[in-house]
Structure formats: C-alpha cells, structure tokens
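Engineer: Next one to model:
(one chain, ligands or ions: 2)
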Amino acid sequence: MNIALTKAIQALAEGLGFDAWGIAAAHSLTPLQPESPASVAYHRYLTWLSQGKQAGMQYLSQNPSLRMDPSSLLPGAQSLLLVLQSYFHTRRHSSPIAQYAWGEDYHISLRRRLQIIADYLARHDAEARPFVDTAPLLEKAWAIEAGLGWLGKNTLLLNRQLGSYTFIGGVVTTASLLPDAPFREDLCGTCNRCIEACPTHALTPYELDARRCIAYWTIEAPTLEEGMPPTHGWIFGCDICQQVCPWNRFAKPQGEIAFRPKPHAFWSREQWSQLSKSQLRKLQKNTALRRSRPEKLEVFLRSP
Ligand code: SF4
Ligand code: SF4
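Structural biologist: Ligands and ions are numbered 1, 2, ... in the order given. Model prediction:
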C-alpha cells in the first residue's frame, strides 16, 4: 500500500478543485454481499434491469457484471479514486432546464482534471485511466465503496456535505492506494419526499422507472413514443426529486468557473420557444444540452 502516493493523490484532488474524493480497493463486487452497501446497490441495479425499468437505455443491460469489475476497464487495477464535483447553483429554480446543464459540459472540465491525476500516477510507474460517465462502471456504487455517500430513495448519490447535485468521476489505477471505509449508513430514514413529489410517479424507494421519468424522456430516450408522461414544463431533465430533498439544504453554490450558469439557465419557456433550430444547435455546443437533439428539445417546448 503506497501511503505517500495516496496522500499526494488526495492533495492533487483538492488542489484541482474537486469538492470530495475517496479511494476504493478495486476488487470485483458481487450482488450477494449484504454487508456491502455497494454490493446492495449493484443488486438493486440488476433487479432494476430485470424489470425493464431502464426503458430504451439498452446499453445498460450489456455485460452488467463488468460494471463492478474495475479490471474490465484497466487490467491489473488495484485502486479507484472517486471524485465529486458540485453543480448546485440555487434553490430558487424556475428554469425548464436541469441545473447540471446550466454551465459548460461537465465532461470537459472533469476529464481534463482527472487526466492530470492519471498523468501524475503514470509518472509514478502506475497505469491509470480517468472516467466520467462513459466507462462501463457503476459509478454510484463505487462512490459508496469509496466512502462518499449513500444511494438515496431518489436513486441518486447523496453526500452528507454536498447533497445530490454532484457530478461523479474517477480514475482507475494499478497503483495500490490506501482505501477509505465504505459509507455504510442510509440517511434517508423515514423521509419519502422525493417519492411523493415526483409528478409522474416514477419513483419507488431506491428505484426509478425510466419509462415514467421526465429526465429520461427529455434526455436519454432514443425515440419518443405515444404514452410518454407529461413533462410538467421541463424541456431538458427534471430536478424535482432533488429540489425537495432535505439533504440539499446543505448544498452550497459551487465555485468551479466552468460550471457557472450561462445565460440560457435563466430563460423562460417563451424565450426558448423563440429559438430557431440552428440557434438551438449552437447553444448545445459545449454544454450538457448536446445530449439531446434540437428536434427533441422542440418537441418538449410544445409539450404541456
Ligand atoms: S427526475 Fe423528475 S420525473 Fe424523474 S424521478 Fe425525479 S422527479 Fe420524477
Ligand atoms: S428526499 Fe428524502 S427519501 Fe428522497 S433521497 Fe432525499 S432524504 Fe432520501
């Protein structure tokens, strides 16, 4: 176990402006370890897939076991660094766009900084590979394993200090780093606010039915179908199950320049509806809005 390298990586994560970080040992998790919260999260994930609640996100069903095996991403992996970056801006929220898409595309900023950590590890004779969303790893489960929080009933990672408005990224490495203790508590308790507030009844405790979720339809759905739930004014994503969560009372406005809200964050639906397709396309550049298509944004601008 390389303690000096562990400390250096932790200091680097802090210096690069991440809001929280933790280290997990890169063993392969199985879904039948009730004492392991990450394993429980994995078990729930497999159950969720078996019920078809991933809707059209079929890529999630492919090789789910690889998501719990870091060596699938980097042969010889021994450790994972997981980082959280807050994107919280405000509790006064009337935008039809989810807060995570208010600033620059988070992939750019997170990947650039995680690559700096990977390069540092490479200079210390370790292989390392950064990941943000795109790797076949169940990032929320690994964040729990790295001690960063618990899986809330709204299915998001909740961190005691930051709440749930956070991006997750990480670096998998062959370096042997000192792991943090997994987060073993579930601090949702008897609260059910997210479940009660979801306007389309997409949530049951710890499970989201994507077929009913506004965020799924406005961002992820490969095709739009009859029977979609109403989008309740949202045109990209939905923040309701985060807005009502008491743990987000502790969220502080984030300080990362790249995520500062761009002007579109404050536009009304009327302002959005006046944009041409080419203006929408231009706006999508370098923001997370590019995960949708201009035609799709137009559909939801006309939805109730
Ligand atoms: S994102 Fe919106 S629609 Fe989806 S589960 Fe949360 S509150 Fe419900
Ligand atoms: S609203 Fe309540 S139940 Fe839902 S994630 Fe937050 S604390 Fe958990």
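
Engineer: how near is whichever residue of the stretch 201-304 of the chain sits closest to ligand 2 to P294?
Structural biologist: Residue nearest to ligand 2 within the stretch 201-304 of the chain (Cβ to the nearest ligand atom): C245, separated by 3.3 Å. Every residue, glycine included, has its C-beta placed from N, CA and C. Distance, C245 to P294, by Cβ to Cβ, to the nearest Å: 31 Å.

Engineer: tell me the phi and psi of R211?
Structural biologist: phi -60, psi -20 (degrees, to the nearest 10).

Engineer: wait, what's in contact with it?
Structural biologist: By Cβ atoms under 8 Å, 6 or more residues apart in numbering, the contact set of R211 is G52, K53, A55, A202.

Engineer: Apply 7 Å and report the result again.
Structural biologist: K53, A55 (Cβ atoms under 7 Å, 6 or more residues apart in numbering).

Engineer: Quick check: pLDDT value at it.
Structural biologist: On pLDDT, R211 comes in at 93.

Engineer: Surely the residue of the stretch 201-304 of the chain closest to ligand 2 is in contact with S164?
Structural biologist: Yes: in terms of Cβ atoms under 7 Å, C245 counts as a neighbour of S164; the distance is 6.1 Å.

Engineer: just to revisit the earlier point, between C245 and P294, who's got more neighbours?
Structural biologist: Taking other Cβ atoms under 10 Å, C245 and P294 do not tie; C245 has more neighbours (23 against 19).

Engineer: so where do the helices sit in the stretch 51-200 of the chain?
Structural biologist: Along the stretch 51-200 of the chain, the segments classed as helices by DSSP state H, counting those that start in this stretch run 106-122, 139-145, 193-197.

Engineer: Identify, out of the ones you listed, the most deeply packed stretch.
Structural biologist: Scoring these by mean neighbour count under mean count of other Cβ atoms under 10 Å gives helix 139-145 as the most buried, with a mean of 26.

Engineer: Pull the residues that contact that one.
Structural biologist: With contact meaning Cβ under 7 Å, 6+ apart, helix 139-145 is reached by 24, 29, 37-38, 41-42, 68, 80, 82, 149-151, 157, 168, 170, 182-183.

Engineer: Also stretch 68-75?
Structural biologist: By Cβ under 7 Å, 6+ apart, stretch 68-75 touches 26, 28-29, 42, 66, 77, 80, 127, 129, 131, 135-138, 141, 172, 174.

Engineer: Where does pLDDT dip in the stretch 201-304 of the chain?
Structural biologist: 303-304 (pLDDT under 70).

Engineer: the helices in it, which residues?
Structural biologist: Assigned by DSSP H, counting those that start in this stretch, the stretch 201-304 of the chain shows helices spanning 214-215, 240-243, 269-273, 277-284, 294-302.

Engineer: JSON lines please, covering those helices and showing distance to ligand 2.
Structural biologist: As requested, the helices of the stretch 201-304 of the chain are exported to JSON lines (distance: least, Cβ to the nearest ligand atom, whole Å):
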{"stretch": "helix 214-215", "distance to ligand 2": "15"}
{"stretch": "helix 240-243", "distance to ligand 2": "7"}
{"stretch": "helix 269-273", "distance to ligand 2": "26"}
{"stretch": "helix 277-284", "distance to ligand 2": "30"}
{"stretch": "helix 294-302", "distance to ligand 2": "25"}
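
Engineer: Convert the C-alpha atoms of stretch 297-304 to CSV, please.
Structural biologist: Extracted in CSV, the C-alpha atoms of stretch 297-304 (Å, rounded to 0.1, in the frame of the first residue of the first chain):
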residue,chain,number,x,y,z
LEU,A,297,-35.9,20.0,-27.5
GLU,A,298,-38.6,21.4,-29.9
VAL,A,299,-41.0,18.6,-29.0
PHE,A,300,-40.7,19.3,-25.3
LEU,A,301,-41.1,23.0,-25.9
ARG,A,302,-44.6,22.2,-27.3
SER,A,303,-45.4,19.7,-24.5
PRO,A,304,-47.6,20.6,-21.6
